[in-house]
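K.L.:
here's my sequence, what's the structure:
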Amino acid sequence: MSFDRYVAICQPLHYAAIMKQQLCSHLVGAGWVIGFTLSSYHLVLLSKLTFCGPNKIQHFFCDNSPLFKLSCSDTSLLWKADSVLLSFVVLGSLCLILVSYMCIFHCILHMPSASGRKKAFATCSSHLTALAIAYGSCIVLYAQPTEEVSLETNTVVALLNTV
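P.N.:
Sure thing, here's the model as predicted:
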């Protein structure tokens, strides 16, 4: 979506030529393939866990942290895999989006008309708000060291992320 905004704001006359159906399909397909591949790998690691004791998770959904706390087996590999996934997927995509928006803001600041700048900022504001909520809650949920994870905090932040 940030690439679409970039092309719409910084290359408006070339928008139809750049954002063709084929490019949009490739972007969506790449996102799905990467997400499915990484989730499948993580699911394989989760399926190897053993559980003993309580089987109720105090959470809205079966999230990693509460699930790891219920496991009797060693979860250090899963914590490391989560860290790698967070770094690669969340922070990597966030960096790409931020680079795109830095280019957009550079273009906006060099627009000659104030009404054009206002319209461009209005176009981006809702997307930036959604990004801040989604990425902020993801980073709060998954970037904490294992000993600092509070299930109560995770539950509230997960609710914000879900909503």
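K.L.:
pLDDT weak spots in the chain?
P.N.:
When the per-residue scores of the chain are filtered using pLDDT under 70, the ranges that remain are 58-63, 142-151.
K.L.:
quick one: the helices in it?
P.N.:
Listed in chain order, the helices found in the chain under DSSP state H are 2-10, 15-18, 21-47, 64-70, 76-85, 92-109, 114-142, 151-162.
K.L.:
can you list these in JSON lines and add mean neighbour count and distance to G53?
P.N.:
To be clear about C-beta, it is placed using only N, CA and C from the backbone, and glycine gets the same treatment. As requested, those are exported to JSON lines (neighbours: other C-beta atoms under 10 Å; distance: least, C-beta to C-beta, whole Å):
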{"stretch": "helix 2-10", "mean neighbour count": "18", "distance to G53": "44"}
{"stretch": "helix 15-18", "mean neighbour count": "11", "distance to G53": "55"}
{"stretch": "helix 21-47", "mean neighbour count": "11", "distance to G53": "17"}
{"stretch": "helix 64-70", "mean neighbour count": "18", "distance to G53": "7"}
{"stretch": "helix 76-85", "mean neighbour count": "14", "distance to G53": "18"}
{"stretch": "helix 92-109", "mean neighbour count": "14", "distance to G53": "36"}
{"stretch": "helix 114-142", "mean neighbour count": "14", "distance to G53": "24"}
{"stretch": "helix 151-162", "mean neighbour count": "15", "distance to G53": "15"}
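K.L.:
now distance to K56 too, for these, in a markdown table please.
P.N.:
Compiled in a markdown table, the helices of the chain are given as follows (distance: least, C-beta to C-beta, whole Å):
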| stretch | distance to K56 |
| --- | --- |
| helix 2-10 | 40 |
| helix 15-18 | 51 |
| helix 21-47 | 18 |
| helix 64-70 | 9 |
| helix 76-85 | 20 |
| helix 92-109 | 33 |
| helix 114-142 | 20 |
| helix 151-162 | 12 |
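K.L.:
of these, which is nearest N55?
P.N.:
Relative to N55, the nearest member of these by C-beta to C-beta is helix 64-70, separated by 7.3 Å.
K.L.:
how close does R117 get to L70?
P.N.:
From R117 over to L70 the distance is 52 Å, taken as C-beta to C-beta, to the nearest Å.
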